[in-house]
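J.: Sequence plus predicted model, see below.
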Amino acid sequence: MGKKLAGPIGTETTLINTQSSPGASSRGETGLDITGLDKAVEFYFHHALAPSTQRTYTSAQARYLSFCTQFDITPLPLQETHLCRYVSWLAKDNIAHTTVKSYLSALRHLQIACNFPDPMISTFPKLEGVIRGIKMQQARHKTSSPKRLPITLAHLHKLRSFFASKGNEADSFMLWAAICTCFFGFMRSGEMTIPSESAFDPSSHLCFNDVSVDNIADPQVVKVCLKASKTDPFRQGVEIVLGRTNNPLCPVTALLSYLALRGNRQGFLFLFADGRPLTKSRFVSQVRDALSRLGVDSSRYAGHSFRIGAATAAGAHGLSEPVIQMLGRWKSSAYQLYIRTKLASYSAVISTEPAP
């Protein structure tokens, strides 16, 4: 006899009972019975996905359930006909074809989680054709959006002067330190900020204890331990090395000056004077506000502008591509988009380091 188990979305799947062989114990050396092992399976399967992927998949699966409810369709097992209808429904709602493909990955994951066979979505020929058609139609009607611009060394000089003009304001020291850490560390803005004030997780976000120096008396190098990142799903960790530059744009000076004001209290690294942590959205808004006050159109600058700017500046100053790839921790050749296509347009600006 088989037994019915409810899946994550309320569907049922029939499993064959697995009975122990005569005389065999249902518990192993771990002390777990079959029920305990099944719970362990679900636990590890759930944690096979990064938290950000889990959120994306949950959203995609909820949208699929809404579609199934609207059109009275049985959600699982997945069928090519229904999937073709689903992706067309998404496209009519102006969902980009790249997002549609990620939604399909979420549905594959859902079906497997509910103990149905792998749907082998990539082998559905009509679905593949529909997705290709969506991509082509969206390309024809796409309006080109302005590309993000890099933060250049010239911008950094202006930003330094802007924050220095505020005197000994603690928040200015913090923001300038965050800017230098992000730029000279080739960091994604999400790596040195947190998503929201309530989302701080000391196991993954930057903390005070993640910063070290090579010499207490005369620090020349600051090391920032990045515990988790986009290209480090297994959290092996990586050290971001910031060296003293002996010029006004010095990440070591910026970070140590901020830490002298911050003190050694534990918790998130970048804190406002009132104790609130630096979120990604607030970091971007503060940088844009500063750029606007400096007479720069800030609409085309975002958190990733620092990483783009660092790669572009490195290329303009003659660093080799393998070194740039290592500094930015790129696993693919994506960095070449910055140091090749953008270099021709921005090298003249970046290579100019105006006096502060």
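T.: Perfect, I can see it now. Residues are numbered from 1 along each chain as shown.

J.: so how far is Ile216 from Val130?
T.: Separation of Val130 from Ile216 (CB to CB, to the nearest Å): 63 Å. In this view, the C-beta of every residue, glycine as well, is placed from N, C-alpha and C.

J.: Looking at these two, which is more packed in?
T.: Between Val130 and Ile216, counted using other CB atoms under 10 Å, the more crowded position is Val130 (21 against 7).

J.: My guess is Thr193 contacts Gln286. True?
T.: No. Under the criterion of CB atoms under 8 Å, Thr193 makes no contact with Gln286, lying 10.7 Å away.

J.: In terms of packing, which of these two has more residues around it?
T.: Higher neighbour count among Thr193 and Gln286: Thr193, with 25 against 19, using other CB under 10 Å.

J.: And for Ser305, the neighbour number?
T.: 24.

J.: who's in contact with it?
T.: By CB atoms under 8 Å, 6 or more residues apart in numbering, the residues touching Ser305 are 148-151.

J.: Closest to Met326 out of the residues you listed?
T.: Distances from Met326 to these, taken as CB to CB, are shortest for Pro150 (19.3 Å).

J.: Over to the residue nearest the centre of the chain: give its phi and psi.
T.: For the chain, Lys230 is the residue whose C-alpha lies nearest the centre (CA atoms, centre = their mean; 5.3 Å). Per-residue torsions, Lys230: phi -60, psi -40 (degrees, to the nearest 10).

J.: Could you find the closest non-adjacent residue to it?
T.: Arg188 (6.5 Å; CB to CB, 6 or more residues apart in numbering).

J.: correct me, but the one you found touches Ile308?
T.: No. With contacts counted by CB under 8 Å, Arg188 stays clear of Ile308, the gap being 10.6 Å.

J.: who touches the longest helix along the chain?
T.: Longest helix of the chain, by residue count under DSSP state H: helix 51-70. Residues outside helix 51-70 that contact it (CB under 8 Å, 6+ apart): 8-9, 46, 49, 73-75, 82, 85-86, 89-90, 102-103, 105-107, 109-110.

J.: The residue nearest to Lys230: what's it in contact with?
T.: 229-230, 303-304, 307.

J.: now those: which count as buried?
T.: Neighbour-count burial (16 or more other CB atoms under 10 Å) is assigned, among the contacts of Arg188, to 229, 303-304, 307.

J.: domain parsing for the protein?
T.: 2-17+30-140, 153-202+242-350 (automatic domain parsing).

J.: most tightly surrounded among those?
T.: With neighbours taken as mean count of other CB atoms under 10 Å, the domains of the chain reach their highest mean count in domain 153-202+242-350, at a mean of 17.

J.: Now do that domain: distance to the chain's middle.
T.: Chain-centre distance of domain 153-202+242-350: 16 Å, with CA atoms, centre = their mean, to the nearest Å.

J.: so where's the stretch 1-150 of the chain shaky on pLDDT?
T.: Low-confidence regions of the stretch 1-150 of the chain, defined by pLDDT under 70, span residues 1-30, 143-146.

J.: residue ranges of the helices in it, please?
T.: Listed in chain order, the helices of the stretch 1-150 of the chain (DSSP state H, counting those that start in this stretch) span 34-46, 51-70, 80-92, 97-113, 125-140.

J.: and the third one, what does it pack onto?
T.: Helix 80-92 is packed against helix 51-70, helix 97-113, helix 125-140, with contacts defined by 3 or more CB pairs under 8 Å, 6 or more residues apart in numbering; DSSP states H and E.

J.: Could you check those helices and tell me which one is nearest Ala260?
T.: It's helix 51-70; of these, that one is closest to Ala260 (CB to CB) at 33.8 Å.

J.: what angle do the closest one and helix 80-92 make?
T.: Interaxial angle of helix 51-70 relative to helix 80-92 (axes from the mean of the first three to the mean of the last three CA atoms, to 10 degrees): 110 degrees.

J.: Just the CA coordinates for helix 51-70, please, in CSV.
T.: Extracted C-alpha coordinates of helix 51-70, given in CSV (Å, rounded to 0.1, in the frame of the first residue of the first chain):
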residue,chain,number,x,y,z
PRO,A,51,18.2,32.4,1.0
SER,A,52,17.8,34.8,-1.9
THR,A,53,16.9,31.9,-4.2
GLN,A,54,14.4,30.6,-1.7
ARG,A,55,12.7,34.0,-1.7
THR,A,56,12.6,34.1,-5.5
TYR,A,57,11.2,30.5,-5.7
THR,A,58,8.6,31.2,-3.0
SER,A,59,7.3,34.2,-5.0
ALA,A,60,7.3,32.3,-8.2
GLN,A,61,5.5,29.3,-6.8
ALA,A,62,2.8,31.6,-5.2
ARG,A,63,2.3,33.3,-8.6
TYR,A,64,1.9,29.9,-10.3
LEU,A,65,-0.7,28.9,-7.7
SER,A,66,-2.6,32.1,-8.4
PHE,A,67,-2.5,31.2,-12.1
CYS,A,68,-3.8,27.6,-11.4
THR,A,69,-6.6,28.9,-9.2
GLN,A,70,-7.7,31.5,-11.7
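
J.: ok so, going back, indicate which one of the helices and strands packed on helix 80-92 is closest to Lys158.
T.: That would be helix 51-70 among the helices and strands packed on helix 80-92, by CB to CB, at 33.2 Å.

J.: All set, thanks.
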